[in-house]
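Q: Next input, structure requested:
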Amino acid sequence: MHELSIAQALIEQVDAQARRHGAGAVGRVVVRIGVLSGVEPALLATAFPLAAAGSVAASAELVLEPLPARGRCTACSAEFDAPASRLVCPHCGEWRTELLAGDELILASLELIGIE
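A: Alright, predicted model coming up:
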């Protein structure tokens with residue numbers, strides 16, 4: 001389960017931001033997950049409390065926001081939302097497309113508590 005190592009890296013970032021801003025705790029962590037990121041949201045949600053134990057985010061709420069896949073056709077330049085399993089241009093049928101979004105994993109925001 002690589003989601004545990006992702007959760008641990010996430011907690012390192014959260015701890016660093018909390019220290020940077022002098023926060024005593026973190027109330028909420030918002031993460032945006034692209035459908036093509038390779039991260040399983042349910043497994044990340046399970047791993048998060050394990051990684052957060054003993055940190056400033058130990059009692060934080062984890063909010064996971066899914067991000068859709070978005071592509072651009074290299075033939076007709078159309079941009080389109082795409083299901084994760086089909087990156088074919090819906091306008092001209094071209095299969096040579098580029099991914100614009102959907103593979104990201106972003107620490108979007110933190111709710112910091114007890115800022116000095």
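
Q: in what helix or strand does residue 46 lie?
A: Using DSSP states H and E, residue 46 maps to helix 41-52.

Q: Name the residues of that helix that are buried.
A: Residues 41, 44, 47, 48, 51, 52 are the ones in helix 41-52 that count as buried (16 or more other CB atoms under 10 Å). Just so you know, the C-beta spots here come from the backbone N, C-alpha and C atoms, and that holds for glycine as well.

Q: Same list, these, but as JSON lines with pLDDT please.
A: Formatted as JSON lines, the buried residues of helix 41-52 follow (pLDDT from 0 to 100):
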{"residue": "41", "pLDDT": "97"}
{"residue": "44", "pLDDT": "97"}
{"residue": "47", "pLDDT": "97"}
{"residue": "48", "pLDDT": "98"}
{"residue": "51", "pLDDT": "97"}
{"residue": "52", "pLDDT": "97"}
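
Q: The residue at the greatest distance from the centre of the chain and residue 76, how far apart?
A: Within the chain, residue 92 marks the point farthest from the mean C-alpha position, 31.0 Å out by CA atoms, centre = their mean. Distance, residue 92 to residue 76, by CB to CB, to the nearest Å: 5 Å.

Q: Quick check: residue 67 touching residue 104?
A: Yes - the pair residue 67 / residue 104 is scored as a contact, 6.3 Å apart, by CB atoms under 8 Å.

Q: what about the helices in the chain?
A: Applying DSSP state H to the chain gives helices spanning 3-20, 41-52.

Q: Need the ones you listed in CSV (columns: distance to residue 111).
A: Shown next, in CSV, are the helices of the chain (distance: least, CB to CB, whole Å):
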stretch, distance to residue 111
helix 3-20, 11
helix 41-52, 14
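
Q: Would you tell me which of those gets closest to residue 109?
A: Proximity to residue 109, assessed across those by CB to CB, is greatest for helix 3-20 (10.0 Å).
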